[in-house]
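[1] Have a look at this prediction, sequence included:
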Amino acid sequence: MAGIRGKDTKPELFIRKALHARGFRYRLHDRRLPGKPDLSFPKYRAVILVNGCFWHGHDCHLFKWPSTRQEFWRSKITRNRQKDRETWQALRERGWRVAVIYECALKGRTRLDPNMVIDTTEKWLHSEQEALVVEGIDEKSRTGAQDEKRVSV
Ligand SMILES: [Zn+2]
């Protein structure tokens with residue numbers, strides 16, 4: 001149900017390897033930055049957060065409220081969401097650009113072409129855009145408007 005939390009998850013390793021192969025160099029879990037972001041790129045003043053959909057309460061098919069210990073999970077996930085917002089804000093206030101890549105962009109039926117995910121991320125790193133969110137696309141509820149919202153390039 002919950003999966004394993006924490007560092008060095010599969011999607012995170014994929015992103016790390018792929019960007020490294022394209023010549024990007026980064027710091028991992030830099031303690032000096034708010035929220036110890038998964039990857040940080042001082043040269044680009046950018047961080048990348050690779051978020052597990054369950055722990056971060058992402059609104060997608062990989063997230064379901066557990067049927068047991070409901071109260072515990074509600075307060076846990078709600079707290080995680082709150083912490084996410086605070087971390088993003090703290091990073092932005094310090095002048096860092098923030099990209100969030102959700103697990104569902106790389107896993108399950110909503111996953112995107114992995115090369116496209118890396119292309120999008122690479123383009124964003126070289127850009128001056130403040131924020132990027134990469135998440136899976138649910139074909140069933142796919143509409144033009146949603147596409148725009150879901151992959152902001
Ligand atoms: Zn998700």
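    Yep, that arrived.
[2] Only C-alpha atoms from now on, for both contacts and neighbour counts.
    Fine.
[3] how about the residues of this structure near the ion?
    Proximity of the chain to the ion (C-alpha under 5 Å from the ion) is limited to residues 53, 58, 60, 104.
[4] which residues of the protein fall in helices?
    Ranges of helices in the chain, per DSSP state H, are 10-21, 70-93, 114-126, 144-150.
[5] Sort out which residues of the second one are buried, please.
    Yep, that's helix 70-93 we're talking about. Neighbour-count burial for helix 70-93 flags 77, 81, 87-88, 91-92 (criterion: 16 or more other C-alpha atoms under 10 Å).
[6] same thing with the third one?
    Along helix 114-126, these residues count as buried under the neighbour rule (16+ other C-alpha under 10 Å): 117-121, 124-125.
[7] any low-confidence regions in the protein?
    Scanning the chain for pLDDT under 70 picks out the ranges 1-8, 140-153.
[8] Who are the contact partners of Y26?
    For Y26, the contacting residues are 39-42, by C-alpha atoms under 8 Å, 6 or more residues apart in numbering.
[9] For the ion, state which of the residues you listed is nearest.
    Proximity of the contacts of Y26 to the ion was ranked by C-alpha to the ion; the top entry is L39 with 19.0 Å.
[10] right, and that closest one touches R27 too?
    Yes - using C-alpha atoms under 8 Å, L39 makes contact with R27 at a distance of 5.6 Å.
[11] Compare neighbour counts for the two and give me the winner.
    L39 (21 against 14; other C-alpha atoms under 10 Å).
[12] Which strand residues bridge the more buried one?
    Beta-bridge partners recorded for L39 (DSSP bridges): L28, I48.
[13] how close does it sit to F24?
    Distance, L39 to F24, using C-alpha to C-alpha, to the nearest Å: 11 Å.
[14] Could you do L125 as well?
    Distance from L125 to F24, counting by C-alpha to C-alpha: 10 Å.
[15] Using CSV, list the CA coordinates for stretch 77-88.
    Listed next in CSV are the C-alpha coordinates belonging to stretch 77-88 (Å, rounded to 0.1, in the frame of the first residue of the first chain):
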residue,chain,number,x,y,z
ILE,A,77,-0.6,12.9,4.5
THR,A,78,-2.1,16.3,5.3
ARG,A,79,1.0,17.2,7.2
ASN,A,80,3.2,16.1,4.3
ARG,A,81,1.2,18.2,1.9
GLN,A,82,1.6,21.2,4.2
LYS,A,83,5.3,20.6,4.5
ASP,A,84,5.6,20.4,0.7
ARG,A,85,4.0,23.8,0.4
GLU,A,86,6.3,25.3,3.0
THR,A,87,9.4,23.8,1.4
TRP,A,88,8.5,25.1,-2.0
